[in-house]
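Asker: Turn this into a model:
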Amino acid sequence: MKSKKLYFFMIVTFLIISPLSLLIFEVYAEDYNPIYIHLSWQNDTSSTMTVSWKTKDATSSVVQYGTDESYGNEETGDSVEWHHVELTGLSPEIIYHYRVGNGETWSTDSYFKTGTLGDHAKFIALGDTQSGTTARNQMLRKINNLDIDFALYSGDFVEMGSNINEWNGFLNSYEPFTNHIPMMTTLGNHEKNHSIYYNTFALPGNEEYYSFNFGPVHFSILHTYWEGIENENYTKQIDWLITDLEAHDEYDWNVVMMHRPPFSSFVRYHQGWYDLINESFVPIFEQYEIDLVLTGHEHAYERLYKNNVTYIISGGAGANLYDAIKDYRINESISVESTYNFLFLDVYDKQLDVRGFRPDYSLIDQFISNKENKPDLRCENLPLSLDVHWKDTQKVNITIANNGEEDIIQETKAQVEVSDGSSWDLTVPALNKGEKTLFELEWKPPEKGTFAWTVTVDSDSEIDEVVEENNELIFVFNAVKIEGASFFADGPWSIFGVISSIMIVAYVTLRRRKKTLQ
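Answerer: Okay, here's the model as predicted:
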């Protein structure tokens, strides 16, 4: 009997102590492990990239990078806890692999793509996660499926800007996205201009407000909230913004991002919260013909239009939503909805296309600005990469739209081609300005693997369009065996969970055998 009790005690002790020992070991072994890896730009978007990360203790900053996983290039920085290393002399529109560390301890391989010298940019905009971790993580999974150049984040990353644990949660959850997609940010009111923000992100200029360029777009980033110094702060930004816009008037589109909006259909606008923003910045937006102002702060979606300037509020990245109350709706409001959301922006030199999406990729609203009075055919599907079960038949909807300024009075042709050899020839009906048509296709993966779909509209080149370059769109299905969730959680408990289960089964089996022998 004593031996049985001792055996049982040893098993229980092993189950308790072993995972804890591994956790303690990890704490001390990971002092220099890179965490919270993310990308941004401090200078030219086509030839540089800044890589940032955190370590528990101060150590050297090293980035190895190259066009494949052998790297071949190395850039170093200071010995710090918050690491920022700028890579320069890169080639435009090239995928680079990289890893970060201190020369001995390294991250896993990741990658990024440099910006373009051409006339196309596709990116997303979102903001306001705060403490909404469940909705934040759901949104993150969705945006990580998109093929984009970069992301804009309009502030309110956390609930309390001075709480490092909240920042850790945000940065940890966003790392699978930001380690390969550059993210350009601005301060929200919840950050309160705290030093953690500046330690975390590497941005152009003084980092509080700045500008950058990508493709045909000039971006001006403003800071609209710092308790107690709005007047002085806004005066400095007004002078800077005017100088910035006049120095970059050669760009086809001017986009401004800031956290708080100048007006909205929510209660805080009616309480006068945005009066100073309205007085300070809106006259400049109108004078310099800003094409689009992106904001957050209101936890919802809203598009507004006033004096030839379009304003879009996208504050639905995870924080608790605000109700859209009918009595608060203002005349400038075109579309408003209380929903989690992100913006997908597809910009060419002659066309600005902005769409608001819910987390399930359903369309909320769309805004298009064209610089020529022509029709424009395009496939409206998002450039997604989605996992599907390789044995399931997929229902694939293809939406083709006329996003131009004139009607199309004739039928046109479109082609859909899949990398497995499947193809469809589509006849697109005549489409008036703003009209869309839907094609419902079915396809089953022939095997496990990655399958690229290419949709080409106006395949016979019959239409003179605003943008010819947007006639082709590619999206991807990854045909895989989709497993159920693992019984054991990931991390140090998982391997010991399996071992523990085996030992428990062995112990129970041994007891049964002994009883049988008795």
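
Asker: okay, now the residue nearest to residue 242 when sequence neighbours are not counted: neighbour count?
Answerer: Counting by C-beta to C-beta, 6 or more residues apart in numbering, residue 242 lies nearest to residue 284, which is 6.4 Å off, once chain neighbours are set aside. Any C-beta I mention is one placed from the backbone N, CA and C, and that applies to glycine too. Using other C-beta atoms under 10 Å, the number of residues around residue 284 comes to 16.

Asker: show me what contacts residue 284?
Answerer: Taking C-beta atoms under 8 Å, 6 or more residues apart in numbering, we find residue 284 in contact with 238, 241, 242, 245, 290.

Asker: low-confidence ranges in the stretch 401-518 of the chain?
Answerer: 483-518 (pLDDT under 70).

Asker: that older thread, now the residue nearest to residue 242, what's its secondary structure?
Answerer: In terms of secondary structure, residue 284 is helix; the call rests on DSSP: H, G, I helix; E, B strand; the rest coil.

Asker: mind checking how far it is from residue 332?
Answerer: As judged by C-beta to C-beta, to the nearest Å, residue 284 and residue 332 stand 17 Å apart.

Asker: Also residue 474?
Answerer: For residue 474 relative to residue 332 (C-beta to C-beta), the value is 37 Å.

Asker: can you map out the strands along the stretch 1-150 of the chain?
Answerer: 35-40, 49-66, 73-87, 95-101, 110-113, 120-126, 150-153 (DSSP state E, counting those that start in this stretch).

Asker: Need the ones you listed in JSON lines (columns: mean pLDDT, distance to residue 429 and mean neighbour count).
Answerer: Output for these, formatted as JSON lines (pLDDT from 0 to 100; distance: least, C-beta to C-beta, whole Å; neighbours: other C-beta atoms under 10 Å):
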{"stretch": "strand 35-40", "mean pLDDT": "99", "distance to residue 429": "43", "mean neighbour count": "21"}
{"stretch": "strand 49-66", "mean pLDDT": "98", "distance to residue 429": "45", "mean neighbour count": "20"}
{"stretch": "strand 73-87", "mean pLDDT": "98", "distance to residue 429": "49", "mean neighbour count": "16"}
{"stretch": "strand 95-101", "mean pLDDT": "99", "distance to residue 429": "39", "mean neighbour count": "19"}
{"stretch": "strand 110-113", "mean pLDDT": "99", "distance to residue 429": "37", "mean neighbour count": "18"}
{"stretch": "strand 120-126", "mean pLDDT": "99", "distance to residue 429": "27", "mean neighbour count": "22"}
{"stretch": "strand 150-153", "mean pLDDT": "99", "distance to residue 429": "36", "mean neighbour count": "22"}
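
Asker: right, and those - which one's nearest residue 270?
Answerer: strand 120-126 (25.1 Å; C-beta to C-beta).

Asker: hang on, the earlier thing: next one: the residue nearest to residue 242 from residue 122, what distance?
Answerer: 27 Å.

Asker: Buried ones only from the contacts of residue 284, please, as a PyMOL command.
Answerer: Applying 16 or more other C-beta atoms under 10 Å to the contacts of residue 284 leaves a buried subset, and the PyMOL line that selects it is:
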select buried, resi 241+245+290
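
Asker: out of the contacts of residue 284, which are inside helices?
Answerer: Among those, the ones falling in helices (DSSP state H) are 238, 241, 242, 245.

Asker: if you skip the residues just before and after it, what's nearest to the first one?
Answerer: Just to be clear, that refers to residue 238. Closest to residue 238 by C-beta to C-beta, 6+ apart is residue 280, at 5.9 Å.

Asker: State the distance from the residue nearest to residue 242 to residue 204.
Answerer: For residue 284, the distance to residue 204 - C-beta to C-beta - is 20 Å.

Asker: try residue 294
Answerer: From residue 294 to residue 204 the distance is 17 Å (C-beta to C-beta).

Asker: Tell me how this structure divides into domains.
Answerer: As assigned by automatic domain parsing, the chain contains the domains 2-30+485-517, 31-116, 118-368, 377-480.

Asker: how far does the third one sit from the chain's center?
Answerer: Centroid separation between domain 118-368 and its chain, computed with C-alpha atoms, centre = their mean, to the nearest Å, is 12 Å.

Asker: And for the second one?
Answerer: Relative to the chain's own centre, domain 31-116 is displaced by 19 Å; criterion: C-alpha atoms, centre = their mean.

Asker: Endpoints of it, how far apart?
Answerer: Using C-alpha to C-alpha, to the nearest Å, the span of domain 31-116 from its first residue to its last is 37 Å.

Asker: hmm, back to that, hey, which of the domains of the chain is tucked in deepest?
Answerer: Mean neighbours per residue, mean count of other C-beta atoms under 10 Å, is largest over these for domain 118-368, with a mean of 19.

Asker: any idea of the pLDDT on the nearest residue to residue 252 once chain neighbours are set aside?
Answerer: Excluding its sequence neighbours, the residue lying closest to residue 252 (C-beta to C-beta, 6+ apart) is residue 216, at 4.1 Å. We have a pLDDT of 99 for residue 216.

Asker: quick one: residue 216 and residue 371, what's the gap?
Answerer: 10 Å.

Asker: anything in contact with each of the two?
Answerer: 252, 349.

Asker: mind listing what residue 184 touches?
Answerer: Contacts of residue 184 by C-beta under 8 Å, 6+ apart are 40, 41, 150, 151, 152, 153, 203, 212, 219, 221, 257.

Asker: What strands line up against the helix or strand harbouring it, and which way round?
Answerer: For residue 184, the host element (DSSP states H and E) is strand 183-185. Here strand 183-185 has these sheet partners by DSSP bridges: strand 150-153 (parallel).

Asker: immediately after the partner strand, which helix or strand?
Answerer: Counting by DSSP H and E, what follows strand 150-153 is helix 164-178.

Asker: give the contact list for residue 49.
Answerer: Per C-beta under 8 Å, 6+ apart, neighbours of residue 49: 39, 41, 86, 87, 90, 96, 112, 114, 182.

Asker: got it, and residue 186?
Answerer: Contacts of residue 186 (C-beta under 8 Å, 6+ apart): 153, 154, 155, 209, 221, 222, 223, 257, 258, 259.

Asker: And the pLDDT at the fifth one?
Answerer: Per-residue confidence (pLDDT) for residue 221: 99.

Asker: what about it, distance to residue 349?
Answerer: 22 Å.

Asker: And the first one, by the same measure?
Answerer: Using C-beta to C-beta, we find residue 153 at a distance of 25 Å from residue 349.

Asker: Please apply the same query to the second one.
Answerer: Distance, residue 154 to residue 349, using C-beta to C-beta: 25 Å.

Asker: Residue 138 and residue 359 touch, don't they?
Answerer: Yes - counting by C-beta atoms under 8 Å, residue 359 is a contact partner of residue 138 at 5.6 Å.

Asker: Next, show the common contact partners of the two.
Answerer: residue 340.

Asker: My read is that residue 481 contacts residue 445, right?
Answerer: No - shown here, residue 481 and residue 445 do not form a contact pair, counting by C-beta under 8 Å, at 11.0 Å.

Asker: what touches both of these two?
Answerer: By C-beta under 8 Å, 6+ apart, the residues touching both residue 481 and residue 445 are residue 390.

Asker: Show me where the protein has its helices.
Answerer: 2-29, 133-143, 164-178, 195-200, 230-247, 267-270, 275-287, 492-517.

Asker: how about the strands in the stretch 351-500 of the chain?
Answerer: 351-357, 363-370, 377-379, 385-389, 394-402, 412-418, 423-428, 436-443, 449-457, 472-480.

Asker: Give me the below-cutoff pLDDT ranges for the stretch 151-300 of the chain.
Answerer: 226-231.
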